[in-house]
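Visitor: Please find the sequence and the predicted model below.
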Amino acid sequence: MDLVYIGRYNKSDILTGPEKVARRVFENISKTEKSIFIEYFFDGKKYGLFKKIFGKEIIDCLNGCDVIRMGIITLFFTLIKLKPKIIHIITFERFTFVSFIYKLFFRVKIIYNLHGLMVYENKNFRKQNWYYDLKDKISEKIFIKYSDIILLLSNNFKDILDKYYKIKEKKILYIKNGVDSEFQTTSIQKKRNENTILKVV
């Protein structure tokens, strides 16, 4: 398999920004390319240790391409079996460090979608305990340092990134967030009656 996506997959209609990007990208690529999306057993109250290490279950299928929830060990051996040319880490999740362990032994390119900086967000916007904060910092440093390509959304974000990490410019690609089809017609200009009362909701 040429391409494997790894990150957080949300089946519901209530999505965070990174989850929406992950789902839309996978929905579109699965129309033309055989791929797979791998996520983790995140909910510690719902899933026990065995599941988090050895578990495997199919949770969705898009255009014939499976979305599979896997434990850490299962993920590693699945990558060995699939031998992907590219691993796309599409959302920041600590379990994706397995991709970099795999890269130590096998030839693969890793693309990392950088939606936000954990070191910056944990400091300014979240109340994270020191243990999880440390794990986030270590994981993020590995992802940024050892990814072959880093996808950014803007030059403004690059300014924040430069404050925390030194990255070769050739590793960075800028992309734009997509727009769902139901929102594409909102830019159509409509004639407005001069007597129309303007309202803000």
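Guide: In hand now; what should we look at?

Visitor: Tell me where this protein has helices.
Guide: In the chain, the helices defined using DSSP state H lie at 17-29, 49-54, 72-82, 98-105, 118-124, 130-146, 155-164.

Visitor: Figure out which of the ones you listed is closest to residue 200.
Guide: helix 17-29 (24.2 Å; CB to CB). All C-beta spots, glycine's among them, are computed from the backbone N, C-alpha and C.

Visitor: For the closest one, list every residue counted as buried.
Guide: 18-23, 25-26, 29 (16 or more other CB atoms under 10 Å).

Visitor: again with stretch 93-103
Guide: 93-100, 102-103.

Visitor: Let me know the closest of the residues you listed to residue 170.
Guide: Among those, and counting by CB to CB, the member closest to residue 170 is residue 103, at 18.4 Å.

Visitor: shouldn't that closest one be in contact with residue 146?
Guide: Yes: using CB atoms under 8 Å, residue 103 makes contact with residue 146 at a distance of 6.9 Å.

Visitor: Now for the two: what residues contact both?
Guide: Overlap of the contact sets of residue 103 and residue 146 (by CB atoms under 8 Å, 6 or more residues apart in numbering) consists of residue 110.

Visitor: just to revisit the earlier point, of the buried residues of helix 17-29, closest to residue 117?
Guide: Looking across the buried residues of helix 17-29 and measuring by CB to CB, the closest to residue 117 is residue 18, at 12.6 Å.

Visitor: any idea of the pLDDT on that closest one?
Guide: Residue 18 carries a pLDDT value of 89.

Visitor: need the contact list for it.
Guide: Counted by CB under 8 Å, 6+ apart, residue 18 has contacts 7-8, 90-92, 113, 115-116.

Visitor: Just the buried ones from the residues you listed?
Guide: Buried among the contacts of residue 18 (16+ other CB under 10 Å): 7-8, 90-92, 113, 115.

Visitor: now the end-to-end length of stretch 100-109.
Guide: Distance across stretch 100-109, first residue to last, is 10 Å (CA to CA, to the nearest Å).

Visitor: Other residues contacting it?
Guide: With contact meaning CB under 8 Å, 6+ apart, stretch 100-109 is reached by 76, 79-80, 83-87, 99, 110, 142-143, 146, 148-149.

Visitor: Could you do stretch 46-64 as well?
Guide: With CB under 8 Å, 6+ apart, stretch 46-64 has contacts from 9, 11, 26-27, 30-31, 34, 37, 39-41, 44, 66-74.

Visitor: Below-threshold pLDDT in this protein: ranges please.
Guide: Applying pLDDT under 70 to the chain flags the ranges 178-179, 181-196.

Visitor: What residues of stretch 122-133 count as buried?
Guide: Buried residues in stretch 122-133, counted by 16+ other CB under 10 Å: 122, 133.
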